[in-house]
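Novice: A structural model of the following input is requested.
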Amino acid sequence: MKRLLVVTLTVLALFATTVSADVIYKSTDTKEKSKAGNVTYAHGVTEEMCKADYWAAKTKTDANEVLMNAEEIDAVNANALNTKGTYMNDLVGLPLTYNAFELRDSLAHNSEVPSDPCYIDGELIDKNDYFGKLTAAIGYTGYADPERNNDYAIVTKTAEVRSWPTSDFVGYNENDTDDELVLVALNVNDPFVIRQRAEVDGKTYYWGYCDTVTGWVSSENVAICQDKQEWEEAWQVKTSAKDFVVVTQDRITLEPNTYGAYPSDIKLNFSSILKLVSESDIPKNIGERGTWNNYIVYVPTRTNEGKYERKIAMISEHFDVSVGFVPMTQANLLKLSFACLGNRYGWGGMLESMDCSMLTRNVYKCCGFVLPRNTNWQQAIPGTRTDLEGKTDEEKMAILEKMPACTMLYMRSHTMLYLGTENGVGYVVSDLGTVVDSDQTTASSIQSVVVTPLTAKRGTGVTWLSSLTGAVAFKIPVPIPETTTVAPTVKPEPKLTPTSFKKVKAKKKSLKLTWKKVSNITGYKLQIAKKKSFKKAKTYTVKKTTKTIKKLKRKKTYYLRIRTYKLVKSSNKEIYTYSDWSKVVKKKVK
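Specialist: Numbers count the residues shown, from 1 in each chain. Sure thing, here's the model as predicted:
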């Protein structure tokens, strides 16, 4: 994960003479060389080991066996969302309204200022002055409504979620390679729920929720939907469905178009998800181009006013994408793990890259999993972790050899994907900062996705194998040693008891509603709309069992529904549960 972990690799000198690409390089150096070109590897790693098929052939069970189906993956996702310590956000279940004034005050006065000295572009800054200005901007320009509706946004280009409303590169020393304010990066078409804003140096930033963290995004990278229904339609997919594509290579850039009505040059990162256009809606031409040999997809775009607009685009057939989620097999997970091999490391997703936990998260996202952001949070998913702390190297290897390929391995501040063993040595692929190579004593900066043996060392000189603290696997195909324990699965909390309308009385330009009282809840969510689909519905949060809705249109028919909700506050987040909606009631205003 972070630089704390970090690791080394000695760079080889190139041959002084030219050698044919067909000749296998030979050298007295202990590093392995590529058969063609000048690619170098960690000590003990060969070119063959950097291929997914190599490790698929070494799995203990059939590498093409489907380990988990869509229903089982959904259960893991539900456990992750409903378990304390994973810090997942239920975006769909967030209350529709909130007190923006209180939130603005909390963000302005309770946001954490870094404790270390801070540098911007290598220059030391006055922290109190810098963060004081940002605090003032939140207080002066934030939303102040005592009851405000959420804004529902879709990411239109890779968006960093940051702990403060700024785009400045803030490091802890003058040579810091990490932007310390970056929390996570979101892909195109990812959802975001907006609850605050700040105007800083002429730029607008929004504060809100993504699935794993809360923080600030630049308004230029998101587009606001007209309502929650349009927002859900843009990004929600079923795990078992085949009406969307997943990007399974490191990145794709859409072809340029001469017609401005069609999007061009949109960058789609690894694990991005886009919905397919139904066959009946595919146009004969997109701009000047026909649609042969292309996937036809919807992409989100941002209007000049910052609003969401869905447009049609093409993804060339030769790109690596999956129609629907990739079946969860060891062979497929291995292929996904190598999709970004050699790409740069980026803390939190900065520089449109990944760090170690984002790599593991995105590999599994391609199969339909929605996993927590950080190493400790990922290990909190019930029923998945095998404890490795306090075990000898021999005991750890005995456990690993029973694990499926791409089991997630953890040590302090770093996550790896297990590949398999060769001559009793375990191998992993990970996105790392620095490491001490197996045959070295000093650390080197790697900052890339690489294959490494577990004989590699931390800066302390302790091997990665000895440093392992845990392993996370969602499906263990063969029994593991009796010395290990697996936590019981936690079932998601059941839905709340619903309510129903007792009386809906029409009055002049208003409706008076009463409903059945339900015990042990926080309150009720009431919706009224002009359409049965509840598109553009207005939502009220009510604690009592009666409500009069005024300022309605005379002689107009309205649709109503209601459900119960319960709020539970944990360490640093609010968890909401909801009942099913009541039966829809149709009523004409007098």
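Novice: Helices along the stretch 451-590 of the chain, start to end?
Specialist: 464-467 (DSSP state H, counting those that start in this stretch).
Novice: The stretch 151-300 of the chain too?
Specialist: 228-235.
Novice: try the stretch 1-150 of the chain
Specialist: 52-56, 70-82, 100-110, 127-141.
Novice: tell me the most buried of these?
Specialist: Among these, ranked by average contacts under mean count of other C-beta atoms under 10 Å, first place goes to helix 52-56 (a mean of 21). (Glycine included, C-beta is placed from N, CA and C.)
Novice: elements contacting that helix?
Specialist: With contacts taken as 3 or more C-beta pairs under 8 Å, 6 or more residues apart in numbering; DSSP states H and E, helix 52-56 sits against helix 330-337.
Novice: Output the contacting helices and strands for the helix it packs on.
Specialist: Against helix 330-337 (3+ C-beta pairs under 8 Å, 6+ apart) you get helix 52-56, helix 356-365, strand 414-422.
Novice: of all those, which gets the most neighbours per residue?
Specialist: helix 356-365 (a mean of 26).
Novice: so what's Pro498 up against?
Specialist: 518, 563-564, 579-582 (C-beta atoms under 8 Å, 6 or more residues apart in numbering).
Novice: do Ala185 as well
Specialist: 158-161, 346, 348-350, 352, 354, 358.
Novice: cool, Ala405 as well?
Specialist: Contacts of Ala405 by C-beta under 8 Å, 6+ apart are 55-56, 59, 63, 330, 333-334, 418-420.
Novice: repeat that with 7 Å
Specialist: Ala405 makes contact with 55, 59, 330, 333-334, 418-420 under the criterion C-beta atoms under 7 Å, 6 or more residues apart in numbering.
Novice: What about the closest residue to it other than its chain neighbours, how many residues nearby?
Specialist: Nearest residue to Ala405, sequence neighbours excluded (C-beta to C-beta, 6 or more residues apart in numbering): Gln330, at 4.2 Å. Burial measure for Gln330: 26 neighbouring residues, criterion other C-beta atoms under 10 Å.
Novice: right, and Gln330 touches Trp55 too?
Specialist: No: look at Gln330 against Trp55 with C-beta atoms under 7 Å: they stay out of range, at 8.4 Å.
Novice: what's the distance between Gly424 and Pro300?
Specialist: Spatial separation of Gly424 from Pro300 under the definition C-beta to C-beta, to the nearest Å is 49 Å.
Novice: swap that for Ala153, sorry
Specialist: For Ala153, the distance to Pro300 - C-beta to C-beta - is 9 Å.
Novice: Overlap of the contact sets of these two?
Specialist: Listed as contacting both Ala153 and Pro300 by C-beta under 7 Å, 6+ apart are Ala223.
Novice: who has more neighbours, those two?
Specialist: Ala153 (29 against 24).
Novice: Surely the more buried one and Ser219 touch.
Specialist: No: the pair Ala153 and Ser219 fails to qualify as a contact (C-beta under 7 Å) at a distance of 9.0 Å.
Novice: residue boundaries of the strands in the stretch 351-500 of the chain?
Specialist: For the stretch 351-500 of the chain, the strands defined by DSSP state E, counting those that start in this stretch cover 385-387, 408-411, 414-422, 425-435, 444-453, 470-472.
Novice: list the buried ones in stretch 580-590?
Specialist: Using 16 or more other C-beta atoms under 10 Å as the test for burial, stretch 580-590 gives 582, 585, 587, 589.
Novice: Let me have the contacts of Ala405 in JSON lines, adding distance to Ile549 and pLDDT as columns.
Specialist: Conversion of these to JSON lines gives the following (distance: C-beta to C-beta, whole Å; pLDDT from 0 to 100):
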{"residue": "Trp55", "distance to Ile549": "62", "pLDDT": "98"}
{"residue": "Thr59", "distance to Ile549": "61", "pLDDT": "95"}
{"residue": "Gln330", "distance to Ile549": "56", "pLDDT": "97"}
{"residue": "Leu333", "distance to Ile549": "52", "pLDDT": "98"}
{"residue": "Leu334", "distance to Ile549": "57", "pLDDT": "98"}
{"residue": "Tyr418", "distance to Ile549": "57", "pLDDT": "98"}
{"residue": "Leu419", "distance to Ile549": "60", "pLDDT": "98"}
{"residue": "Gly420", "distance to Ile549": "63", "pLDDT": "97"}
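Novice: Greatest separation within these: which pair is it?
Specialist: Leu333 and Gly420 (11.9 Å; C-beta to C-beta).
Novice: Spatially, what comes nearest to Val76 if we skip its sequence neighbours?
Specialist: Closest to Val76 by C-beta to C-beta, 6+ apart is Phe474, at 5.7 Å.
Novice: Pull the contacting residues for the closest residue to Lys157 other than its chain neighbours.
Specialist: Excluding the flanking residues, the one nearest Lys157 by C-beta to C-beta, 6+ apart is Asn221, at 5.3 Å. By C-beta under 7 Å, 6+ apart, the residues touching Asn221 are 155-157, 159.
Novice: Those: which two are farthest apart?
Specialist: Among the contacts of Asn221, Thr156 and Ala159 lie farthest apart (C-beta to C-beta), at 8.2 Å.
Novice: List the contacts of the residue nearest to Val76.
Specialist: 68, 76, 384.
Novice: Let me know the closest of these to Lys556.
Specialist: Distances from Lys556 to the contacts of Phe474, taken by C-beta to C-beta, are shortest for Val76, at 45.8 Å.
Novice: now the nearest residue to Thr135 once chain neighbours are set aside: how far from Ile120?
Specialist: Sequence neighbours aside, Ala108 is the residue nearest to Thr135 in space, at 5.2 Å (criterion: C-beta to C-beta, 6+ apart). Per C-beta to C-beta, Ala108 is found 21 Å from Ile120.
Novice: Over to Leu388?
Specialist: With C-beta to C-beta as the criterion, Leu388 and Ile120 are 40 Å apart.
Novice: Which one of those two is surrounded by more residues?
Specialist: Leu388 (20 against 13).
Novice: What is the neighbour count of Thr86?
Specialist: 21.
Novice: tell me how far stretch 37-54 is from the chain's mean position?
Specialist: Remark: stretch 37-54 is offset 29 Å from the chain centroid, using C-alpha atoms, centre = their mean, to the nearest Å.
Novice: quick revisit: could I get the strands of the stretch 351-500 of the chain as CSV with distance to Leu274?
Specialist: What follows is these, written out as CSV (distance: least, C-beta to C-beta, whole Å):
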stretch, distance to Leu274
strand 385-387, 33
strand 408-411, 26
strand 414-422, 25
strand 425-435, 24
strand 444-453, 24
strand 470-472, 28
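Novice: rewinding a little: any idea how far the residue nearest to Val76 lies from Phe131?
Specialist: Going from Phe474 to Phe131 by C-beta to C-beta gives 40 Å.
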